[in-house]
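**Q** Provided below are the primary sequence and the corresponding predicted coordinates.
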Amino acid sequence: MAFMQWARRMALVLVGCAGLWGAAQAQDMAGAKDHPAVKRFGGSSIVGYEVRNFDAVEFQTSTFKEFDLGAGVRRYVQPPLQLEGKLTRFWYEAPGDTRALELYRNYVNELTAGGFQALYDSTKDPAAGKWTNFLASFSSSKKDFVKNARSEYVMYAAEANTIRTGTFQKDNVTVRLVAIDWPKEDRTYKARQGAYIAVDVLETKAMQQNMVVVSASEIGKSLTTQGKVAIYGIYFDTGKADIKPDSKPSLDQIAAFLKAEPGVKLHVVGHTDSVGGFDGNLALSRRRAEAVAAALVKDYGVAAGRLVGNGVASLAPVASNASEEGRAKNRRVELVLQ
């Protein structure tokens, strides 16, 4: 009897130790936490995690065609969905013998049960047979990189024929899933044999404008010393050339400068970041510059002959387009002395 009681106690100790070991194996990255809109697969752990307060993201809505190495972008049958907002990125490592298809299906079922609409699901796309280079550059470039506790190559050099991808949307939340199988235990990649899933959650929102309004005197000083001045306080919706109402403080200062200097003539030059096609950005940057000139003429009484609107798209960046911070600096209007 005493032996049986001892054996039971030892069994409980061993079970407790096994549970602790399992918890340690499923430990999340420091600071990582699930997104309230997306549950995790039971027993999985967060091995990659990053939050970007504002970023531009492409979401797949049609069959993948190829990865364009020259441009560094994926090509699809139809253009992808372009959205901006708060981006939260996860890599989950699934437990034990879980495979990519099981992992992916669980996420799809959970999302659709929660009211998300499928914008694309590779498992229902009869043309989605070749994923040879879909993972090319996945987390291996500055824009795609996700901070992780494994290796970037876990989501870069996996078994391409096991990939499942999907895009799901509900209200202002859009979710991208990329599930893959990892073939073996690998110390180099710090990877366990099993399945991984990348989950990107974008909450669509307008970017908070934090640029300081340039005063009329500062405009004059910059034009005198540099021949140009960058204006960041003129705002437009993505892809549009309609000036937003909160641009008024900057327009007021430009008009005040022009009133104080009646002999000055200016080029109004629109600049964009590198997101999107060059030809479209070139036309957009010109329309925006012309909209600024037109507003100064109509609303402030500036003579039309003093202003010429033009655009240069992304040809004159002042920062790298690899980050949202840099792209925000590149989206601007400049005043240049004629």
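**A** In hand now; what should we look at? Numbers count the residues shown, from 1 in each chain.
**Q** where does this structure have low pLDDT?
**A** 1-26, 129-132, 137, 140-143, 189, 206-212 (pLDDT under 70).
**Q** quick one, helices of it?
**A** 2-25, 100-113, 216-226, 248-260, 278-300, 324-330 (DSSP state H).
**Q** quick check, distance from stretch 250-259 to the centre of its chain.
**A** 35 Å (C-alpha atoms, centre = their mean, to the nearest Å).
**Q** do the same with stretch 86-96
**A** The answer for stretch 86-96 is 16 Å, by C-alpha atoms, centre = their mean.
**Q** just to revisit the earlier point, residue 54: which of the helices of the chain is closest?
**A** helix 324-330 (5.5 Å; C-beta to C-beta). C-beta coordinates here come from the backbone N, C-alpha and C atoms, glycine included.
**Q** the closest one: which residues count as buried?
**A** Within helix 324-330, the residues scored as buried using 16 or more other C-beta atoms under 10 Å are 324, 327-330.
**Q** for burial, what's the neighbour tally of residue 108?
**A** Neighbours of residue 108 under the rule other C-beta atoms under 10 Å: 20.
**Q** any idea how far residue 213 is from it?
**A** 47 Å (C-beta to C-beta, to the nearest Å).
**Q** so what's the spatially closest residue to residue 326 that is not a sequence neighbour up against?
**A** Closest residue in space to residue 326, ignoring its immediate chain neighbours: residue 319 at 3.6 Å, by C-beta to C-beta, 6 or more residues apart in numbering. Contact partners of residue 319, counting by C-beta atoms under 8 Å, 6 or more residues apart in numbering, are 325-327, 329-330.
**Q** equivalent analysis for residue 303, please.
**A** residue 297 are the contacts of residue 303 under C-beta under 8 Å, 6+ apart.
**Q** quick one: the strands in the protein?
**A** Assigned by DSSP state E, the strands in the chain fall at 45-59, 64-68, 73-76, 81-93, 117-121, 164-170, 173-182, 194-204, 228-231, 266-271, 307-311, 332-337.
**Q** any idea how far residue 219 is from residue 257?
**A** Relative to residue 257, and taking C-beta to C-beta, residue 219 is found at 4 Å.
**Q** residues in contact with residue 87?
**A** 51-52, 54-55, 57, 200-202.
**Q** could you report the neighbour count for residue 177?
**A** 22.
**Q** who's it bridged to?
**A** residue 166, residue 199 (DSSP bridges).
**Q** wait, it sits on residue 106?
**A** No. Applying C-beta atoms under 8 Å as the test, residue 177 and residue 106 come out as separate, 10.3 Å apart.
**Q** can you give me the domain assignment for this structure?
**A** 33-204, 216-337 (automatic domain parsing).
**Q** contact partners for residue 81?
**A** Residue 81 neighbours (C-beta under 8 Å, 6+ apart): 58-61, 119, 167, 174.
**Q** JSON lines for those residues, including distance to residue 276 and neighbour count?
**A** Below are the contacts of residue 81 laid out as JSON lines (distance: C-beta to C-beta, whole Å; neighbours: other C-beta atoms under 10 Å):
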{"residue": "58", "distance to residue 276": "10", "neighbour count": "16"}
{"residue": "59", "distance to residue 276": "15", "neighbour count": "19"}
{"residue": "60", "distance to residue 276": "17", "neighbour count": "22"}
{"residue": "61", "distance to residue 276": "16", "neighbour count": "15"}
{"residue": "119", "distance to residue 276": "20", "neighbour count": "18"}
{"residue": "167", "distance to residue 276": "19", "neighbour count": "23"}
{"residue": "174", "distance to residue 276": "18", "neighbour count": "23"}
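**Q** which one of those is nearest residue 76?
**A** residue 60 (6.1 Å).
**Q** ok, that closest one to residue 174 distance?
**A** 11 Å.
**Q** got any residues that touch both of those two?
**A** Contacts common to residue 60 and residue 174, judged by C-beta under 8 Å, 6+ apart, are 81, 167.
**Q** out of the helices of the chain, nearest to residue 39?
**A** Of the helices of the chain, nearest to residue 39 by C-beta to C-beta is helix 100-113, at 5.7 Å.
**Q** chain center to the closest one, what's the gap?
**A** 23 Å.
**Q** what do you get for stretch 193-204?
**A** 13 Å.
**Q** returning to what we had before: in a markdown table: the helices of the chain, plus distance to residue 313.
**A** Below are the helices of the chain laid out as a markdown table (distance: least, C-beta to C-beta, whole Å):
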| stretch | distance to residue 313 |
| --- | --- |
| helix 2-25 | 50 |
| helix 100-113 | 37 |
| helix 216-226 | 21 |
| helix 248-260 | 21 |
| helix 278-300 | 4 |
| helix 324-330 | 10 |
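**Q** columns distance to residue 27 on top of the domains of the chain, output as a markdown table?
**A** Putting the domains of the chain into a markdown table (distance: least, C-beta to C-beta, whole Å) gives the following:
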| stretch | distance to residue 27 |
| --- | --- |
| domain 33-204 | 6 |
| domain 216-337 | 30 |
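**Q** list the contacts of the closest residue to residue 98 other than its chain neighbours.
**A** Counting by C-beta to C-beta, 6+ apart, the nearest residue to residue 98 once its immediate chain neighbours are dropped is residue 195, at 4.8 Å. For residue 195, the contacting residues are 94, 98-100, 102-103, 179-182, by C-beta under 8 Å, 6+ apart.
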